[in-house]
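>>> Quick check, what structure comes out for this input:
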Amino acid sequence: MIGASVPMSASGVIDRHPFVAKLIQSIQLDEADLAALSGLLSHKIVARKAKDIIVEGYEYKVLHVVESGYAIRYKLLHNGKRQIMNVIMPGDIIGFPACFYEHAVFSVTAIGEMNLHRVPLDDFADLCLARARIATALLWFAAREAAIYAEHIADAGRRAPIERLAHFILEMLTRLRAIGAAAEHSFVMPLSQEGIGDVIGLSGPHVNRMLAELKSEGLIATNGPEVTVLDRAALQILGEFHPSYLARAPIHRTKA
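Below is the predicted model of the structure:
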């Protein structure tokens with residue numbers, strides 16, 4: 001059990017929840033949609049730092065919608081090495097694709113304290129069947145996740161180490177800005193250098209050297225975990241970063 005279940009705050013405004021805010025970016029939701037989402041997000045739990053939310057090989061029939069905090073979706077190899085598939089942020093859903101397999105194919109661990117909403121898979125499926133606009137907008141979540149994985153495959157297969165790091169920095173900045181967790185050119189990196197290495201396939205010391213190189217070239221600056229992009233255009237060229245794969249879904253809004 002991750003944590004104690006508590007009712008969602010009565011003062012909470014559902015359309016300000018990061019998950020709902022992401023949906024609203026893609027499609028217009030009516031009062032009935034928002035009421036359905038409020039009911040879906042009625043049970044809040046807390047996951048402490050380093051707590052496993054999903055463990056590969058176990059069965060899960062529950063989703064967790066992230067209100068705050070960060071987690072990593074990863075695979076642990078037989079030699080003890082870890083490959084991080086993605087960083088999970090506020091507004092994301094934990095449980096894709098675990099709930100749709102007999103046993104989870106990846107693990108998910110909190111990298112800081114998280115506030116989550118526990119949603120049984122059956123309840124989530126019922127909502128999608130009853131509220132077509134929500135189901136349509138949720139397709140974007142799956143599409144964006146697939147696009148992120150595809151970029152990370154390109155990183156590992158074809159990009160040079162410094163190109164991988166440049167791409168990852170811009171990906172994190174773009175994703176964090178989309179949820180209001182970053183300034184225009186700077187953000188607090190939620191991962192350690194070792195964690196960054198586990199995303200882009202490098203060792204922690206190698207990441208450190210690549211960060212130093214980016215700083216020496218005047219592309220970024222760092223202050224502890226804070227990363228500032230000094231020359232976005234040059235960093236984009238270096239990392240072959242095109243932010244369109246992170247853009248909101250091109251779904252037509254419902255006409256009034």
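
>>> Mind jotting down where the strands sit in the stretch 1-150 of the chain?
Under the criterion DSSP state E, counting those that start in this stretch, the stretch 1-150 of the chain contains strands at 6-7, 43-47, 52-54, 62-68, 71-76, 82-88, 93-94, 107-110, 114-120.

>>> what about those strands, which gets the closest to Ala166?
strand 82-88 (16.5 Å; CB to CB). Quick note: C-beta positions are derived from backbone N, CA and C, even for glycine.

>>> The closest one packs against which elements?
strand 71-76, helix 132-158, helix 193-200 (3 or more CB pairs under 8 Å, 6 or more residues apart in numbering; DSSP states H and E).

>>> Need those in a markdown table (columns: mean neighbour count and distance to Cys99).
Below are these laid out as a markdown table (neighbours: other CB atoms under 10 Å; distance: least, CB to CB, whole Å):
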| stretch | mean neighbour count | distance to Cys99 |
| --- | --- | --- |
| strand 71-76 | 20 | 13 |
| helix 132-158 | 15 | 12 |
| helix 193-200 | 21 | 23 |
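
>>> right, and these - which one's nearest Ile169?
It is, among the helices and strands packed on strand 82-88 and with distance given as CB to CB, helix 193-200, at 8.8 Å.

>>> quick one: that closest one to strand 71-76, angle?
70 degrees (axes from the mean of the first three to the mean of the last three CA atoms, to 10 degrees).

>>> now helix 193-200: how far from the chain's centre is it?
15 Å (CA atoms, centre = their mean, to the nearest Å).

>>> got it, and stretch 78-91?
For stretch 78-91, the distance to the chain centre is 11 Å (CA atoms, centre = their mean).

>>> quick one: terminal-to-terminal distance for that stretch?
Using CA to CA, to the nearest Å, the span of stretch 78-91 from its first residue to its last is 32 Å.

>>> Enumerate the positions of that stretch that are buried.
Arg82, Gln83, Ile84, Met85, Asn86, Val87, Ile88, Met89, Pro90, Gly91 (16 or more other CB atoms under 10 Å).

>>> Alright, I will stop here.
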